[in-house]
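Engineer: Everything below, folded, please.
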Amino acid sequence: MVTTGLAKLLHDPSKVSEYERLGLLYNQASIDTSFRESADVLFGILQKRLTTLFGPQHGVGGTEQDNMIETDHTLHRRLGLPIYSLYSSTRRPTPEMLDNVDAVLVDIQDVGTRVYTFCATVCFLMEVCAGLGKSVIILDRPNPINGVDVEGSVLVPEFASFVGPYPLPMRHGMTVGELMNYYNQSFGIRCDLKVIRMDGWDRNAYFDQTGLPWAFPSPNMPTIETALVYPGQVLLEGTNLSEGRGTTRPFEIFGAPFLDPEKILSSIEKKALEGATLRILEFKPSFNKWMNKRCLGFQAHVTNRNRFRPYRATLAILSCVIRNSMEFKWSNPPYEYVFDKAPIDVIIGDVSTRKSLERGDSVFTIEQRYEAKLSDFLKIRKNFLLY
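Structural biologist: Next comes the predicted model:
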């Protein structure tokens, strides 16, 4: 059984005794083993020292379905504390939002993929706190898709955005605490950062092996299976393919009205799909792309998660769709507040991968081109692993 950073703080509140006023960045998936939200249980031990709450994309309640749908500032309905949205007119806390705190606790469930914006929110919080002389304390949680496997091209600095503030591969294999240490020390943020580490976490473990309860961290991340395919399938957000939003299995289900599933299956690089099976499927999204339109496509079933490489698999899918579908298109800007770059390039973090896909290059050829940068990252990453 894994003991989270939240559980360790609840057991020993003296870990934050030096701070008179504390804030908390969290959402509805920030729970203890009794399914209680961290705001409630922390208020129980901190009382009036917990002064301010902050919420990430989708809102503290996880109510907003899609990208670039902002949430308002509000009051916590049980505690009466102010909740400042960090996915509103600003993605960074203003100095005024931090007036009543000396340090901000961060209890957030990440999903192990760079594009997932929660860690960018924490990073921006650190940058502001560093300038104001305030501390950030990470209550660490597991990477749900394990802390070993690392995959994908490393973002190049000119593509820094809210879905990747600093160089990082798509699947990074780090916890929030590890990743924030990497950002803080490698890119000169200089925040007074502390990490309350977990006990009992095995880096090889997936979330369903931790003994912890799962709560969906965002509306379209309902299951651990969703998180497993997400490092690849999130690329579909940069295309006119439905990534399954508006279905009951987002990111596992994908397709479009113009797709020819049989042709895709017959011509895809089979080796790139190792550990997964694509099952032909018809579906109608209830919102988002192709809403209420009959789509032809697939459900991705992961049959061996230790062999499955989601980023590789989706690159192979995209390459095959480009070759076989005249109606396929890349999405137009904006994407997560980037208005001057193609969304697919923002998501991937470079231009070269898209151009390789358009040329019809093998996914294994594409991987070879970013192998050196990924290897360099892995060497750096070792210095920041806590478990």
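Engineer: switch to C-alpha atoms for all contacts and neighbour counts from now on
Structural biologist: Fine.
Engineer: need the strands for the stretch 51-200 of the chain, in chain order.
Structural biologist: Per DSSP state E, counting those that start in this stretch, the stretch 51-200 of the chain carries strands over the ranges 74-75, 82-85, 103-106, 135-139, 151-154, 169-171, 192-196.
Engineer: What strands flank the first one, and is each parallel or antiparallel?
Structural biologist: To tie it back to what came earlier, the one meant is strand 74-75. Applying DSSP bridges, strand 74-75 is found paired with strand 82-85 (antiparallel).
Engineer: just how off-centre is the strand it pairs with within its chain?
Structural biologist: Distance of strand 82-85 from its chain centroid, counting by CA atoms, centre = their mean, to the nearest Å, is 21 Å.
Engineer: ok, back up a step: please identify the most buried of the strands of the stretch 51-200 of the chain.
Structural biologist: strand 169-171 (a mean of 27; mean count of other CA atoms under 10 Å).
Engineer: Which neighbouring elements make contact with that strand?
Structural biologist: strand 151-154 (3 or more CA pairs under 8 Å, 6 or more residues apart in numbering; DSSP states H and E).
Engineer: what's next to the strand it packs on, contact-wise?
Structural biologist: With contact meaning CA atoms under 8 Å, 6 or more residues apart in numbering, strand 151-154 is reached by 167-172, 309, 311-312, 348-349, 367, 370-371, 373-374, 377.
Engineer: coming back round to it: closest to Pro222 out of the strands of the stretch 51-200 of the chain?
Structural biologist: Closest approach to Pro222 among the strands of the stretch 51-200 of the chain is made by strand 169-171 (18.6 Å; CA to CA).
Engineer: sorry, back to before: redo the strands of the stretch 51-200 of the chain as CSV? Include distance to Asn383 and mean pLDDT.
Structural biologist: Compiled in CSV, the strands of the stretch 51-200 of the chain are given as follows (distance: least, CA to CA, whole Å; pLDDT from 0 to 100):
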stretch, distance to Asn383, mean pLDDT
strand 74-75, 39, 96
strand 82-85, 33, 98
strand 103-106, 22, 98
strand 135-139, 18, 98
strand 151-154, 17, 96
strand 169-171, 16, 98
strand 192-196, 15, 98
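Engineer: Against Phe384, how distant is Ala130?
Structural biologist: 20 Å (CA to CA, to the nearest Å).
Engineer: Oops, could you answer that again for Phe364 instead?
Structural biologist: Counting by CA to CA, the gap from Phe364 to Phe384 is 29 Å.
Engineer: Next: Ser153.
Structural biologist: Distance from Ser153 to Phe384, counting by CA to CA: 20 Å.
Engineer: And for Cys295?
Structural biologist: Distance, Cys295 to Phe384, using CA to CA: 44 Å.
Engineer: again with Asn204
Structural biologist: 17 Å.
Engineer: The nearest residue to Glu237 once chain neighbours are set aside and Thr117: what is the separation?
Structural biologist: Excluding the flanking residues, the one nearest Glu237 by CA to CA, 6 or more residues apart in numbering is Glu243, at 6.5 Å. Distance of Glu243 to Thr117, given as CA to CA: 17 Å.
Engineer: Show me where the stretch 151-300 of the chain has its helices.
Structural biologist: In the stretch 151-300 of the chain, the helices defined using DSSP state H, counting those that start in this stretch lie at 176-186, 224-233, 261-267.
Engineer: Now the first one: buried residues?
Structural biologist: Same thing as helix 176-186. Val176, Gly177, Glu178, Leu179, Met180, Asn181, Tyr182, Tyr183, Asn184 (16 or more other CA atoms under 10 Å).
Engineer: Then stretch 200-211?
Structural biologist: In stretch 200-211, counting by 16+ other CA under 10 Å, buried: Trp201, Arg203, Ala205, Tyr206, Phe207, Thr210.
Engineer: same deal with stretch 44-52?
Structural biologist: For stretch 44-52, by 16+ other CA under 10 Å, it's Leu46, Arg49, Leu50, Thr51, Thr52.
Engineer: Would you map out the domains in this structure?
Structural biologist: Domain segmentation of the chain under automatic domain parsing yields 5-220, 224-370.
Engineer: what about the first one, distance to the chain center?
Structural biologist: Domain 5-220 has its average C-alpha position 11 Å from the chain's average C-alpha position, going by CA atoms, centre = their mean.
Engineer: ends of it, how far apart?
Structural biologist: Span of domain 5-220 from end to end, CA to CA: 25 Å.
Engineer: cool, the last one as well?
Structural biologist: For domain 224-370, the first and last residues are 28 Å from each other (CA to CA).
Engineer: Thr314 versus Lys263, what's the distance?
Structural biologist: 16 Å.
Engineer: between these two, which one's more packed in?
Structural biologist: Neighbour totals were compared for Lys263 and Thr314, and Thr314 leads with 22 against 13 (other CA atoms under 10 Å).
Engineer: residues near the closest residue to the more buried one other than its chain neighbours, how many?
Structural biologist: Among residues not flanking Thr314 along the chain, Gly232 sits closest, at 5.0 Å (CA to CA, 6+ apart). Residues near Gly232, counting by other CA under 10 Å, number 25.
Engineer: Next up, the contacts around Gly232.
Structural biologist: Pro310, Tyr311, Arg312, Ala313, Thr314, Leu315.
Engineer: Among those residues, name the buried ones.
Structural biologist: Buried among the contacts of Gly232 (16+ other CA under 10 Å): Pro310, Tyr311, Arg312, Ala313, Thr314, Leu315.
Engineer: Nearest to Arg36, out of the residues you listed: which one, please.
Structural biologist: Pro310 (32.1 Å).
Engineer: does that closest one really touch Gln233, like I thought?
Structural biologist: Yes - at 7.3 Å, Pro310 and Gln233 qualify as touching, with contact defined as CA atoms under 8 Å.
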